[in-house]
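Participant: just coords:
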Ligand code: PMP
């Protein structure tokens, strides 16, 4: 099997899975319990917060666990009102949450054909009504890394009280997520994107704005901003996975894979458009469109050879993908985008085979239509 769908989710690291099982077996008390067995579970949570805090230059009390990055994004956006700025290429957990939020005025900043936000357009959209800005840090479909540091400086120079939230779901553990150098007030992440367990998200919230946050789940407020019994096995495993992801130090290798695949595709397959930018793009993601191809058909042909990718053109109700539309790419490529997303266990041989199957499949599809 060649699994090239790591931006959708990753395989848990063995160490994270073992940690998960160990906590289930040996530290299963409720972390809110007053007895010492419960405190053991609570300490696992505390230590994980400490580690994550250190990694992103925050304190333990600024890290909160949620059920998913989706919940984190909901909490961040639904805590504010007035006017907000966001981009057209956000993940649906941001895009749709804005639609269902308390904001009366949502302004979508322009981007170029690689998804980079146009700074002048951002400046033009700022005014005294803006209270909140949310941007995706690494785009989940195309990999574009937004220059958050630059954007947050523009925003804070205009008004330091504007709250900046970033969705760092595809960034955490892979590129620097130092909240101080990025200049952000809130940051969402999700354990299953860095080889941790599913349904465990996190939200960094800078101390000075914590009083403004409104939970979307009411109950015992175990995580203050979220309710429900905490999940020590998943939280502990999240910390172990994140540490392993960081210590794997694999970025240069992933970049080599990404550039290798890019070149192989360009050399072997005609009428191809590489959507992901070459620079300032996450090495973990390569989005490529093939002219006059239906990506879903191609995806299933790859699947027959146990190669798993994602359709970058996932459209809803017959419309083109919202992200590809926002990039303004040529119509002939709109249906044919495939997202390849890497992990450290992919080899160049895997990519050789992938391109061989890709080439054959595309030739067959193009012959039929
Ligand atoms: N934001 C981005 C950028 C993502 O890639 C994803 C997952 N596809 C999410 C948010 C949602 O994460 P979760 O699965 O934890 O809800």
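Facilitator: Okay, I see it. All values reported here derive from a predicted model rather than from experimental measurement.
Participant: Sketch out the helices for the stretch 251-369 of the chain, chain order is fine.
Facilitator: 251-268, 295-303, 322-327, 331-334, 348-368 (DSSP state H, counting those that start in this stretch).
Participant: nearest to the ligand, of the ones you listed?
Facilitator: Of all those, it is helix 322-327 that lies closest to the ligand, at 10.9 Å by Cβ to the nearest ligand atom. Using the backbone N, CA and C atoms, a C-beta is placed for each residue, glycine as well.
Participant: In terms of secondary structure, what does the closest one contact?
Facilitator: When contacts are defined as 3 or more Cβ pairs under 8 Å, 6 or more residues apart in numbering; DSSP states H and E, helix 322-327 packs onto helix 331-334.
Participant: Would you mind pulling the contact partners of the helix it packs on?
Facilitator: Here helix 331-334 makes contact (Cβ atoms under 8 Å, 6 or more residues apart in numbering) with 271, 273, 275, 289-292, 313, 320-321, 324-325.
Participant: Tell me the buried residues in that helix?
Facilitator: By 16 or more other Cβ atoms under 10 Å, the buried positions in helix 331-334 come out as 333-334.
Participant: What's the PyMOL line that selects buried ones from the contacts of helix 331-334?
Facilitator: The buried residues among the contacts of helix 331-334 can be selected in PyMOL (16+ other Cβ under 10 Å) with this line:
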select buried, resi 275+289+290+291+313+320+321+324
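Participant: you'd agree residue 84 is in a strand?
Facilitator: Yes - the assignment for residue 84 (DSSP: H, G, I helix; E, B strand; the rest coil) places it in a strand.
Participant: mind listing the strands in the stretch 51-200 of the chain by residue range?
Facilitator: Listed in chain order, the strands of the stretch 51-200 of the chain (DSSP state E, counting those that start in this stretch) span 63-66, 81-87, 102-109, 130-136, 163-167, 186-190.
Participant: With mean neighbour count, distance to residue 358 and mean pLDDT added, can I get those strands in JSON lines?
Facilitator: JSON lines is the format used below for the strands of the stretch 51-200 of the chain (neighbours: other Cβ atoms under 10 Å; distance: least, Cβ to Cβ, whole Å; pLDDT from 0 to 100):
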{"stretch": "strand 63-66", "mean neighbour count": "24", "distance to residue 358": "37", "mean pLDDT": "98"}
{"stretch": "strand 81-87", "mean neighbour count": "21", "distance to residue 358": "30", "mean pLDDT": "98"}
{"stretch": "strand 102-109", "mean neighbour count": "16", "distance to residue 358": "34", "mean pLDDT": "98"}
{"stretch": "strand 130-136", "mean neighbour count": "24", "distance to residue 358": "28", "mean pLDDT": "98"}
{"stretch": "strand 163-167", "mean neighbour count": "26", "distance to residue 358": "30", "mean pLDDT": "98"}
{"stretch": "strand 186-190", "mean neighbour count": "29", "distance to residue 358": "29", "mean pLDDT": "98"}
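Participant: Now do the same contact list for residue 302.
Facilitator: 308-309, 354, 357-358, 361.
Participant: Minimum distance to the ligand: which of the strands of the stretch 51-200 of the chain has it?
Facilitator: strand 186-190 (3.3 Å).
Participant: The closest one: what's the following helix or strand?
Facilitator: strand 201-205 (DSSP states H and E).
Participant: just to revisit the earlier point, out of the contacts of residue 302, which is most surrounded?
Facilitator: Comparing the contacts of residue 302 by number of neighbours (other Cβ atoms under 10 Å), residue 358 comes first, having 27 neighbours.
Participant: That one contacts residue 265, correct?
Facilitator: Yes - the criterion here is Cβ atoms under 8 Å, and residue 358 meets it with residue 265 at 7.3 Å.
Participant: how near is residue 306 to residue 354?
Facilitator: Distance of residue 306 to residue 354, computed by Cβ to Cβ, to the nearest Å: 11 Å.
Participant: That concludes my questions; thank you for your assistance.
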